[in-house]
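Q: Sharing a model prediction with you, sequence too.
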Amino acid sequence: MRALTFVPGSKGTLEVREVPDPEPGQGELLVQGLALGICGTDRELAEGDYGWPPPGEERMVIGHESLGRVLRAPDGSAFSPGDLVVGVVRRPDPEPCGACRRGEFDMCRNGRYTERGIKELDGFGSELWTIEAAYAVRVDPALGELGVLVEPASVVAKAWEQIERIGSRAWFEPRTLLVTGAGPIGLLAALLGRQRGLEVHVLDRSPHGLKSSLAEELGAIYHSSSTLEDFREAKPDIIIECTGAGQLVIDSLTTTAAAGIVCLCGLAPGGRAHRVDAGVMNREIVLENDVVFGTVNANLRHFRAAAAALAEADREWLGRLITRRVPLTRALEAFEPAEDVKAVIDLTA
Ligand SMILES: [Zn+2]
Ligand SMILES: [Zn+2]
């Protein structure tokens, strides 16, 4: 079979190669790979920024945003041939730590977890892949190709779960949400905000165009800006920060309403210093009972919540998030930087 492989830590090694077909182990599904979503993590892996091959291997299969069709399922599993499935990315650390022992491997405490396509486990960028039935998540067949959005949506579903758990520390009836960054994660966070009936604002530095129309079609208000100037007066109850841009992160900490929640889910390179009045920031957070927290990754519960949220969403809108589709034969094109929302590799072409 063909697989999109790379040498972790070495730039320019990404290529489609012929590799042996995988054999499902006990309790595993054999899956035909249909689509693979590409995100910033994959581009960083391809650049050699990080990544860890399986023990004893040099190359590994890339890809963590999966979609496939079950070809073979073990007897007694909850799956049958033909089911559309997505694979959970992370596996518990071998120890396991307290969080991993309880199925909360997204909150692993010792960093020894493994991840498909990133850390010590082959990813999903191949014509065939296998997965433990316990880490496969069924996708509504009506979603079809859009199932490839389940993984990014799982990150957002976890963020929302955490926001709601934090909110439940006291009376919590949020009304307004600001999402900074209108990439796939930001737009999916806005979608889940609208599904909760919130007034949603989406801020991105892009001028009006595809991103603004996607936000507006959700019923959100789009702000083409790179500062939080517009929110000085009417401060949002919740901010989901998806850019990781230093100044936006700093400003978001003092731009929520009282008892505000700032959820940080963006990443950006460091190395740029910002001037901060720590006293003012501290004062704001203390006197308003604000919470700032970071979130990454997702466990099984969040994948299921994501699959359910997408099944409820408008399919035409979800389809417009996928702005680039390339066949596996030309997979490298999906890694070229572009102003699109989500690039997807068709593993069947
Ligand atoms: Zn991703
Ligand atoms: Zn752990």
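A: Okay, I see it. Ligands and ions are numbered 1, 2, ... in the order given.
Q: Can you report how many residues lie near whatever residue of the stretch 51-200 of the chain ends up closest to ligand 1?
A: Here the residue of the stretch 51-200 of the chain nearest ligand 1 is Glu65; by Cβ to the ion that distance is 5.0 Å. Heads up, the C-betas are built off the backbone N, CA and C, glycines and all. Residues near Glu65, counting by other Cβ atoms under 10 Å, number 29.
Q: ok, it - contacts?
A: By Cβ atoms under 8 Å, 6 or more residues apart in numbering, the contact set of Glu65 is Leu36, Gly37, Ile38, Cys39, Phe124, Val148, Leu149, Glu151, Pro152.
Q: try it again with 6 Å
A: Gly37, Val148, Glu151 (Cβ atoms under 6 Å, 6 or more residues apart in numbering).
Q: In space, what's closest to it - neighbours in sequence excluded?
A: Of all residues beyond its chain neighbours, the one nearest Glu65 is Gly37 (3.0 Å), with distances taken as Cβ to Cβ, 6 or more residues apart in numbering.
Q: secondary structure class for that neighbour?
A: strand (DSSP: H, G, I helix; E, B strand; the rest coil).
Q: my guess is it meets Val148, correct?
A: Yes. Proximity of Gly37 to Val148 meets the contact threshold set by Cβ atoms under 6 Å, at 4.7 Å.
Q: got any residues that touch both of these two?
A: Glu65, Val344.
Q: Can you show me the strands along the stretch 201-349 of the chain?
A: With strands called from DSSP state E, counting those that start in this stretch, the stretch 201-349 of the chain shows them at 221-224, 238-241, 261-264, 291-294, 322-327, 342-346.
Q: err, the stretch 51-200 of the chain, not the other one
A: Using DSSP E, counting those that start in this stretch, strands in the stretch 51-200 of the chain cover 60-61, 65-72, 84-87, 90-91, 114-116, 120-121, 128-132, 136-138, 176-180, 199-204.
Q: Of all those, which one comes closest to ligand 2?
A: Taking the strands of the stretch 51-200 of the chain one by one with Cβ to the ion, strand 90-91 is closest: 9.3 Å.
Q: one step back: let me know which of the strands of the stretch 51-200 of the chain is tucked in deepest.
A: Ranked by mean neighbour count, the strands of the stretch 51-200 of the chain are led by strand 176-180 with a mean of 27 (mean count of other Cβ atoms under 10 Å).
Q: Partner strands of that strand, with direction?
A: Paired with strand 176-180 in the same sheet, following DSSP bridges, are strand 199-204 (parallel), strand 238-241 (parallel).
Q: and the last one, how far from the chain's centre?
A: In this case it means strand 238-241. 16 Å (Cα atoms, centre = their mean, to the nearest Å).
Q: More neighbours: Gly37 and Val148, which one.
A: Higher neighbour count among Gly37 and Val148: Val148, with 28 against 25, using other Cβ under 10 Å.
Q: Isn't that one up against Ala35?
A: Yes. Val148 is within contact range of Ala35, at 4.3 Å (criterion: Cβ under 6 Å).
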